[in-house]
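J.: Okay, predicted coordinates and the sequence, questions at the end:
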Amino acid sequence: AHISDIHQGLHYAGPSPSSRFDDINRILDWTADRLIAEKVDLCLIAGDCFKDAKVMFDRGTEETICIGIWLRKLSTAGIEVIVISGTPSHDSVAGYKFLKEMQIPYVRILTQPMIMTARFGSQVLEGSEEVYVACLPGLNRSSLLTQEEYKGLPPEQVHRIMTDKITQLCMGMAAQMPNDKPKILMAHMTYQGADKGFDDLLMQHEPILTREAVQGFDLVCLGHIHRPQVIDNKVFYSGPVERLSFNEQDITPGFWIHELGGNQYFDSIGSCFIETPARRYVTLEWGEGSLNNYIDGEYISENLQDAIVRLHYSCSEETAQQLNRKQLEKSLYDAGAFFVTEIKADIERSDRARDNTVNESLSVPQALEKWCVNQNIDELEIKELVSMTSGLMEG
């Protein structure tokens, strides 16, 4: 199995600081059950297990224990697991060290490049029981270059040098592996053929995994890009197992199961993508007509059950004045929304004379009140905002 980009952590947007943490826990548990049912022999986790790199100790402990419990569930079922760390800027290397200290049987945790071997059980054909895995965790500049090598260089040139070094590293690891055994590369980085052109990616100041780098491998299992895809027939991104933001509302979360078959030279791969029951993100785009229908008493017809929802609407100023935003939010929850992140308006303002009473003689609370009225904010909310502002200024 090939999994990546779990990003477990507290304080995602939701009804409570732990609500999305609980969602990811639920998906991890579902995933473990499915791997066990599929009789998976080896699970590769291609980085970014954690949401943030630097967190308070109590939060980091809870997040790491969660991942540890999940890994132990796989271990108890006899599944061998190899885990690599992900992007250093937001994936907690300390968390991986903590996981390593747990000494979970059959689980190996890597934060540095290394070649590992794994043995398959009943799922692999006789004569192909051993597989080699080149592990390339997420690397930063200091992992590959000395300060003298990049001192004074522009970022795009630094990342070209890093790309060359990564290519040499991968070619070297492939050369160390026997040719009569399956060769797998697991890495956490952007592949040359993924999403955008090679030069564009380099200009984003990101080292690249090149086609030359993966040439010596039979299967490449990657993390980092949050969109499941297959490139060049043997390069796979699994994407996250749970949606994490509105940027991912249109992706299919899940993981890959690869079946190694054929003769001892590993001449065939069967790959199946398993979709997980992830929570949906839904963006509603309402125009004048949809908003008027709602104001006239029409029920919200969109399927919002258990979804994280945002609503963007555009309308005239007159229609906006008829809308009760608090009631609209309640209606979204009544329609089944798990959490409403925002209700955002794009109001077409009518031409009117400038309010001559808005001038420097106004106090801050008075100016705030006029601005709120102009933005069609609910009257009760305006009173609360003005009261809070007045209190802060007096204090």
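T.: Arrived safely, thanks for sending.
J.: what about the strands in the stretch 1-150 of the chain?
T.: Secondary structure of the stretch 1-150 of the chain (DSSP state E, counting those that start in this stretch): strands at 2-3, 42-46, 80-84, 107-110, 114-119, 130-136.
J.: Please identify which of the ones you listed is closest to His224.
T.: strand 42-46 (7.8 Å; C-beta to C-beta). The way it works is simple: take the backbone N, C-alpha and C, and place the C-beta from them, glycine included.
J.: could I get the closest one in CSV with only the CA atoms?
T.: What follows is strand 42-46, C-alpha atoms only, in CSV (Å, rounded to 0.1, in the frame of the first residue of the first chain):
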residue,chain,number,x,y,z
LEU,A,42,4.0,-3.7,3.1
CYS,A,43,2.7,-0.2,3.7
LEU,A,44,4.8,2.8,2.4
ILE,A,45,4.0,6.1,4.0
ALA,A,46,5.5,8.9,1.9
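J.: Where in the protein is the helix or strand with the lowest mean pLDDT?
T.: helix 198-203 (a mean of 43; mean pLDDT, DSSP states H and E).
J.: that older thread, got the strands of the stretch 1-150 of the chain as JSON lines, with mean pLDDT, mean neighbour count and distance to Gly287 columns?
T.: Compiled in JSON lines, the strands of the stretch 1-150 of the chain are given as follows (pLDDT from 0 to 100; neighbours: other C-beta atoms under 10 Å; distance: least, C-beta to C-beta, whole Å):
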{"stretch": "strand 2-3", "mean pLDDT": "97", "mean neighbour count": "26", "distance to Gly287": "41"}
{"stretch": "strand 42-46", "mean pLDDT": "96", "mean neighbour count": "27", "distance to Gly287": "42"}
{"stretch": "strand 80-84", "mean pLDDT": "96", "mean neighbour count": "25", "distance to Gly287": "47"}
{"stretch": "strand 107-110", "mean pLDDT": "96", "mean neighbour count": "20", "distance to Gly287": "51"}
{"stretch": "strand 114-119", "mean pLDDT": "90", "mean neighbour count": "15", "distance to Gly287": "55"}
{"stretch": "strand 130-136", "mean pLDDT": "93", "mean neighbour count": "22", "distance to Gly287": "48"}
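J.: Output these in JSON lines; the columns should cover distance to Arg279.
T.: Formatted as JSON lines, these follow (distance: least, C-beta to C-beta, whole Å):
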{"stretch": "strand 2-3", "distance to Arg279": "18"}
{"stretch": "strand 42-46", "distance to Arg279": "21"}
{"stretch": "strand 80-84", "distance to Arg279": "24"}
{"stretch": "strand 107-110", "distance to Arg279": "27"}
{"stretch": "strand 114-119", "distance to Arg279": "33"}
{"stretch": "strand 130-136", "distance to Arg279": "31"}
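J.: wait, which of these is closest to Asp334?
T.: The closest of those to Asp334 is strand 2-3. By C-beta to C-beta, the value is 36.3 Å.
J.: Identify all contacting residues around the closest one.
T.: Strand 2-3 is contacted from outside by 31, 43-46, 186, 221, 236, 238, 241, 255-258, using C-beta atoms under 8 Å, 6 or more residues apart in numbering.
J.: Which pair of these spans the longest distance?
T.: Thr31 and Met186 (17.3 Å).
J.: Show me where the chain dips below the pLDDT cut-off.
T.: 120-128, 141-147, 149-151, 195-205, 261-268, 350-360, 395 (pLDDT under 70).
J.: need the helices for the chain, in chain order.
T.: Secondary structure of the chain by DSSP state H: the helices cover 19-37, 57-76, 93-101, 141-144, 147-150, 155-176, 198-203, 211-214, 288-295, 317-321, 325-334, 364-374, 379-394.
J.: mind listing what's buried in the third one?
T.: In other words, helix 93-101. Buried residues in helix 93-101, counting neighbours by 16 or more other C-beta atoms under 10 Å, are found at 95-96, 98-99.
J.: quick one on the thing from earlier: now tabulate the helices of the chain in a markdown table and tack on distance to Val309.
T.: Formatted as a markdown table, these follow (distance: least, C-beta to C-beta, whole Å):
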| stretch | distance to Val309 |
| --- | --- |
| helix 19-37 | 14 |
| helix 57-76 | 26 |
| helix 93-101 | 31 |
| helix 141-144 | 40 |
| helix 147-150 | 45 |
| helix 155-176 | 38 |
| helix 198-203 | 33 |
| helix 211-214 | 40 |
| helix 288-295 | 14 |
| helix 317-321 | 20 |
| helix 325-334 | 6 |
| helix 364-374 | 24 |
| helix 379-394 | 20 |
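J.: Out of those helices, indicate the one that is most buried.
T.: Mean neighbours per residue, mean count of other C-beta atoms under 10 Å, is largest over the helices of the chain for helix 211-214, with a mean of 20.
J.: Residues contacting that one, please?
T.: 166-167, 170-171, 185, 191-193, 220, 232, 234-235.
J.: Just the CA atoms of it, as PDB, please.
T.: Output of helix 211-214 as PDB, limited to C-alpha atoms (Å, rounded to 0.1, in the frame of the first residue of the first chain):
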ATOM      1  CA  ARG A 211      12.800  11.500 -15.000                       C
ATOM      2  CA  GLU A 212      16.500  10.600 -15.000                       C
ATOM      3  CA  ALA A 213      16.400  10.200 -11.200                       C
ATOM      4  CA  VAL A 214      13.600   7.500 -11.400                       C
END
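J.: can you start the count at 3 instead of 1 from here on
T.: Okay, using 3 as the starting number, the last item reads as helix 213-216.
J.: quick one: that helix to chain centroid distance?
T.: In terms of C-alpha atoms, centre = their mean, to the nearest Å, the centre of helix 213-216 is set 25 Å apart from its chain centre.
J.: Repeat that for stretch 323-339.
T.: That offset, for stretch 323-339, works out to 29 Å (C-alpha atoms, centre = their mean).
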